[in-house]
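Participant: Need the 3D shape of this:
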Amino acid sequence: MSNTTLSIGWAQESITPAQPVHLHGMFDERISTHVEDPCMATALALESGDGEQAIWISCDLLNITLDAVRDLRQSVASRIPGFDGEKLLLGCTHTHNAPNFSRMPERPGVMPGPAYREFFLERVTGIAVSAWTSRKSGRIAPALGHAVIGWCRRVAFANGSGEMYGDSRRNDFVGVEGPMDPGIELLFTHSVDGRPSGAVVSIACTAQTCMCENFLTADFWGPARRCLRDHFGDHFTVLAVAGAAGDQCPDDLIRWGRSEPKLRGRAAAETLGRRLGRGVIEGYETGRRDSVANSVFKHKHAVFDLPAYVMSDEQRAQYEAEIAALTAHGEPDFSSWNGGEVRRRRAILKRYAALGPDPVRQADCNFLRLGDFAVATNPFELYLEYGQRIKGRSPATQTISAQLTNDSLGYLPTREALAHGHYSAMPADIQIGPEGAGQLVERSLAEIRALFDAG
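Facilitator: Below is the predicted model:
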């Protein structure tokens, strides 16, 4: 049992290159024009007196791939003697205005995706090592705050269909498809003298108010960090975590475009960042439990084999027909939206064609216990309902269900959403279906329970 004094280290640095980059997110080609708010990487290093360890990294990226995480684990382990690379986990805030790792057409003066990948790995390795070497004895204090940031972004209609960002003013609108969660899961760290040094901040929403813009930005996490530094001091560091939020967004689709404007662009990011910052401060002041210096600390890395979703013949035929329609007059321009749609559909058909009998996808996950606080990660854009199942049934007092961590395996929708269809709940967007989601929930809960049963 790990029940000894914790050593805690923080580090944070920009992962924004000096030159323009291809932006990640959306389907058309976008190249950054300038930096509005730097994309950051933050590392929290933890070690107990009996050797349990973790380096938890959060990045202002759309997503991450497992091969990059494996390279990072190897790089960090080679720089920190005795560190277990599998105890490193990396999550993303899902900003749509971050550099793209993908291999895109080379453009003059634009950093290619592979070059950014190399830059990223070198920079983040340094941040992880810096957090580890800066460890000092400290304390943790869980807390709960509230702020309305995310709303379900899918609506359902009377004919049994559904749409992401669907129009609630339609006469056949019957309701918003899923739940929303205004809770802010918080884990504060303190120095031995009681001064707050940083916090893990998890919300059920992704950072995408600026998703159609052509600048680099951390979205609302940038102003949220500034708000919290203004309150707690320049030393205060925030590890931003996207909780289960595959069906969430910052827009209230009932009031959207009516009493509430569409939350888009820099002004919206500032508004939400301040709202989030105030919620964190209120959580610290009114929702914080006692800080603990010798909290139980346990950490488990696990890889789950989950059943892959398999397209039907009818679904494959539909995608082939859509490609034919989009290319009827020749190949669309690569940088256009239609060009992106064609590439995406071809990649999907290629992926599904490669599936053998009884196909599986591997989900790389980490599970942490810190006192009565638990963390369960997953590599999906996980619908909120699944995250709530994990939180509700967890033996912990508080649980973070952190999505888009260690890999990016697409959306993971509910059965209801899959029946409704549309973006995020169709074969183009998923690699695992509801059956696999159920297994993910059960196996995640089993791992958390094992950490608590161990004492």
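
Participant: For the nearest residue to H420 once chain neighbours are set aside, grab the count of nearby residues.
Facilitator: With Cβ to Cβ, 6 or more residues apart in numbering as the criterion, H420 has its nearest non-adjacent residue at 2.8 Å, and that residue is G162. For glycine as for every other residue, the C-beta is placed from the backbone atoms N, C-alpha and C. G162: 26 surrounding residues under other Cβ atoms under 10 Å.

Participant: What of N406?
Facilitator: 29.

Participant: Am I right that it is in contact with N366?
Facilitator: Yes: with contacts counted by Cβ atoms under 8 Å, N406 reaches N366, the gap being 7.1 Å.

Participant: any common contacting residues for these two?
Facilitator: Any residue near both N406 and N366 by Cβ atoms under 8 Å, 6 or more residues apart in numbering counts here, and that gives L89, T377.

Participant: all helices of the stretch 201-350 of the chain, in order?
Facilitator: Taking DSSP state H, counting those that start in this stretch to define them, one finds helices in the stretch 201-350 of the chain at 221-232, 265-286, 313-326, 337-353.

Participant: Can you flag the weakest of these by average pLDDT?
Facilitator: For the helices of the stretch 201-350 of the chain, mean pLDDT drops lowest on helix 337-353, to a mean of 85.

Participant: Return the angle between stretch directions for that helix and helix 313-326.
Facilitator: Between helix 337-353 and helix 313-326, the angle formed by their directions is 150 degrees, by axes from the mean of the first three to the mean of the last three Cα atoms, to 10 degrees.

Participant: And for the chain, the residue most distant from the center?
Facilitator: Summary for the chain: using Cα atoms, centre = their mean, the residue whose C-alpha lies farthest from the chain's mean C-alpha position is H329, with a distance of 38.3 Å.

Participant: wait, what's in contact with it?
Facilitator: Applying Cβ under 8 Å, 6+ apart, no residues qualify as near H329.

Participant: go on, L418?
Facilitator: With Cβ under 8 Å, 6+ apart as the criterion, the residues that contact L418 are A425, M426, G433, P434.

Participant: from these, which would you call buried?
Facilitator: For the contacts of L418, burial is judged from neighbour counts taken by 16 or more other Cβ atoms under 10 Å, and it is met by A425, M426, G433, P434.

Participant: Doesn't the first one lie inside a strand?
Facilitator: The reference is to A425. No: the assignment for A425 is coil, going by DSSP: H, G, I helix; E, B strand; the rest coil, so no strand is present there.

Participant: Test my guess that it contacts G410.
Facilitator: No: using Cβ under 8 Å, A425 and G410 do not qualify as a contacting pair, with a distance of 10.8 Å.

Participant: So for A131, which of the helices of the stretch 201-350 of the chain sits nearest?
Facilitator: Checking the helices of the stretch 201-350 of the chain against A131 by Cβ to Cβ gives helix 221-232 as the closest, at 16.3 Å.

Participant: Now the closest one: buried residues?
Facilitator: Of the residues in helix 221-232, those buried by neighbour count under the rule 16+ other Cβ under 10 Å are W221, G222, P223, A224, R225, R226, C227, L228, F232.

Participant: Dump those residues to TSV, plus distance to C39.
Facilitator: Shown next, in TSV, are the buried residues of helix 221-232 (distance: Cβ to Cβ, whole Å):
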residue	distance to C39
W221	9
G222	9
P223	14
A224	14
R225	12
R226	15
C227	18
L228	18
F232	22
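
Participant: Of those, just say which sits nearest to F120.
Facilitator: Nearest member of the buried residues of helix 221-232 to F120, counting by Cβ to Cβ, is W221, at 17.4 Å.

Participant: What segments of the stretch 301-450 of the chain are strands?
Facilitator: With DSSP state E, counting those that start in this stretch applied, the stretch 301-450 of the chain shows strands at 360-370, 373-377, 381-382, 398-402, 411-412, listed in chain order.

Participant: Format the ones you listed as JSON lines; extra columns: mean pLDDT.
Facilitator: JSON lines is the format used below for these (pLDDT from 0 to 100):
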{"stretch": "strand 360-370", "mean pLDDT": "97"}
{"stretch": "strand 373-377", "mean pLDDT": "98"}
{"stretch": "strand 381-382", "mean pLDDT": "98"}
{"stretch": "strand 398-402", "mean pLDDT": "98"}
{"stretch": "strand 411-412", "mean pLDDT": "98"}
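
Participant: Of those, which is nearest R389?
Facilitator: Between R389 and the strands of the stretch 301-450 of the chain, the tightest spacing by Cβ to Cβ is seen for strand 398-402, at 8.8 Å.

Participant: what's next to the least confident helix or strand in the chain by mean pLDDT, contact-wise?
Facilitator: Ranking every helix and strand in the chain by mean pLDDT, DSSP states H and E puts helix 337-353 at the bottom, with a mean of 85. Helix 337-353 is touched from outside by 26-29, 310-311, 316, 319-320, 322-323, 326-327, 331-334, 427-428, 431, with contacts defined as Cβ under 8 Å, 6+ apart.

Participant: Would you mind listing which of these are buried?
Facilitator: So, of these, E29, M311, Y319, I323, P332, P427, A428, Q431 end up buried under the neighbour-count rule (16+ other Cβ under 10 Å).

Participant: pretty sure C92 is in contact with N63, am I right?
Facilitator: Yes: in terms of Cβ under 8 Å, C92 counts as a neighbour of N63; the distance is 5.3 Å.

Participant: Now list whatever residues contact both of these two.
Facilitator: Residues touching both C92 and N63 (Cβ under 8 Å, 6+ apart) are L404, S408.

Participant: Compare the two (neighbour count), which wins?
Facilitator: For the pair C92 and N63, the greater number of neighbours falls to C92 (26 against 23), based on other Cβ under 10 Å.

Participant: Contacts only, for that one.
Facilitator: Residues touching C92, when contacts are defined by Cβ under 8 Å, 6+ apart, comprise S58, C59, D60, L61, L62, N63, I64, A242, L404, T405, S408.

Participant: Let's see that with 10 Å instead.
Facilitator: Applying Cβ atoms under 10 Å, 6 or more residues apart in numbering to C92 gives the contacts 24, 57-64, 98, 206-207, 240-242, 402-406, 408.

Participant: Okay, and which of these map to strands?
Facilitator: Judged by DSSP state E, the subset of those located in strands is H24, I57, S58, C59, A98, A240, V241, A242, A402.

Participant: Now do the SS call for the closest residue to the second one other than its chain neighbours.
Facilitator: By that I understand I57. Leaving aside its sequence neighbours, I57 sits nearest to L90 (Cβ to Cβ, 6+ apart; 4.4 Å). Each residue gets one of three states, and L90 gets strand by three-state DSSP.

Participant: Check the burial of L90 by counting its neighbours.
Facilitator: Using other Cβ under 10 Å, the number of residues around L90 comes to 25.

Participant: For P17, see how far away G113 is.
Facilitator: With the distance defined as Cβ to Cβ, to the nearest Å, G113 ends up 11 Å from P17.

Participant: Just list whatever residues bridge to the residue nearest to H420.
Facilitator: Judged by DSSP bridges, the bridge partners of G162 are A156.

Participant: and D193, how many neighbours does it have?
Facilitator: A count of nearby residues for D193, using other Cβ under 10 Å, gives 7.
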